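Participant: sequence plus predicted model, see below.
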Amino acid sequence: MKADQTLDCVGLYCPMPIVKTAERMKQLKPGQVLEVIADDKGIKQDMPAWCKATGNEFLGIEEDKETRVYVRKKSG
Amino acid sequence: MAEKEKLTMVVFSGDLDRALAAFILATTAASMDMEVSMFFTFWGLNVIKKNEGKIESKGLMRKMMNMMNRGGSRRLKLSKFHMMGLGTGMMKKFMKESHVPTIDEFITMAHAMGVKMIACTTTCGVMGLPEDAFRPEVTMLAGAAYFLGEAKESKATLFI
């Protein structure tokens, strides 16, 4: 999946990937996509939950050695 | 914009592991656009005491107690497995290797995210702790009524 920005969270455990995602999202424009790379398996559940709480759009997960999750920043 | 959802916590414990759980939830909730208040009471006050310098308190007995129960985020012990410091030291090492922030770092982070840290006035009074016993991130001193007022408006309330 194509992303406007990438956030590397490899080696970080909960809650850091989520905390860092929230921080980084401030830099994105509405509609832009953030890719978060993590190896903490919790992110597969945590990121959709974070998106639901904040109103950002959860686009999906891609998995190989690491987990890549994609989030689209909400408009307005 | 709709009013933010709230999370309110009582941090009663001064144990390292419990404080860690409290700050993980506080910073995550703040990331989820929640308004977070943490009320530190009793042993929990040790988490937010300043690490450096002397804590002045009145009376010989309170002075002694505050010396033995010095507190400060860097002096917290594990609730189990402390083993005269060996267990706690080992756990801190593991956490560092796993890039888990220290309580110190969590306090700085939580403060930057707008988490309110509040010290309980009753315990401060009983233990003879002055306002300057705490780190600057501590927003205010307040009592049970303020906590309950916040708790009533909260989506989630935790006692740790």
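Facilitator: Looks like it arrived, so ask away.

Participant: near chain B, anything from stretch A:65-76?
Facilitator: No. Residues of stretch A:65-76 are not located near chain B by C-beta under 8 Å from any C-beta of the partner chain, the shortest gap being 9.8 Å. All C-beta atoms are positioned from the backbone trio N, CA, C, and that covers glycine.

Participant: now do the closest residue to chain B within chain A against residue A:48, distance only.
Facilitator: Here chain A gets closest to chain B at one residue, residue A:22, 3.6 Å apart by C-beta to the nearest C-beta. According to C-beta to C-beta, to the nearest Å, residue A:22 stands 14 Å off from residue A:48.

Participant: checking the closest residue to residue A:30 other than its chain neighbours next. Helix, strand or coil?
Facilitator: If the residues on either side of it in the chain are set aside, residue A:30 comes closest to residue A:75, at 4.2 Å by C-beta to C-beta, 6 or more residues apart in numbering or on different chains. The three-state assignment at residue A:75 reads coil, by DSSP: H, G, I helix; E, B strand; the rest coil.

Participant: can you count the residues close to residue B:104?
Facilitator: For residue B:104, the count of nearby residues is 13 (other C-beta atoms under 10 Å in any protein chain shown).

Participant: excluding its backbone neighbours, what's nearest it?
Facilitator: Of all residues not flanking residue B:104 in the chain, residue B:73 sits nearest, at 4.9 Å (C-beta to C-beta, 6+ apart).

Participant: interface residues of chain A facing chain B?
Facilitator: Proximity of chain A to chain B (C-beta under 8 Å from any C-beta) is limited to residues A:11-16, A:18-19, A:21-23, A:50, A:53-54.

Participant: in chain A, which spans are strands?
Facilitator: Using DSSP state E, the strands of chain A run over residues A:5-9, A:33-38, A:57-63, A:67-72.

Participant: mind listing what the last one pairs with, with the direction of each?
Facilitator: Pointing back at strand A:67-72 there. Its sheet considered, strand A:67-72 pairs with strand A:33-38 (antiparallel), strand A:57-63 (antiparallel) by DSSP bridges.

Participant: centroid residue for chain A?
Facilitator: For chain A, the residue sitting closest to the mean C-alpha position, by C-alpha atoms, centre = their mean, is residue A:36 at 4.4 Å.

Participant: residue A:42 touches residue A:16, doesn't it?
Facilitator: No. Counting by C-beta atoms under 8 Å, residue A:42 sits too far from residue A:16 to count as a contact (10.7 Å).

Participant: between these two, which one's more packed in?
Facilitator: The neighbour count for residue A:42 versus residue A:16, taken as other C-beta under 10 Å, is higher for residue A:16 (20 against 14).

Participant: just the strands in chain B please.
Facilitator: Assigned by DSSP E, chain B shows strands spanning B:6-11, B:35-40, B:116-120, B:138-142, B:156-159.

Participant: switch those over to a markdown table; also include distance to residue B:109 and mean pLDDT.
Facilitator: Below are the strands of chain B laid out as a markdown table (distance: least, C-beta to C-beta, whole Å; pLDDT from 0 to 100):
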| stretch | distance to residue B:109 | mean pLDDT |
| --- | --- | --- |
| strand B:6-11 | 16 | 97 |
| strand B:35-40 | 12 | 97 |
| strand B:116-120 | 12 | 96 |
| strand B:138-142 | 15 | 93 |
| strand B:156-159 | 18 | 97 |
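
Participant: any chance of those in CSV, plus distance to chain A and mean neighbour count?
Facilitator: Output for the strands of chain B, formatted as CSV (distance: least, C-beta to the nearest C-beta, whole Å; neighbours: other C-beta atoms under 10 Å in any protein chain shown):
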stretch, distance to chain A, mean neighbour count
strand B:6-11, 11, 24
strand B:35-40, 12, 24
strand B:116-120, 17, 22
strand B:138-142, 20, 17
strand B:156-159, 12, 14
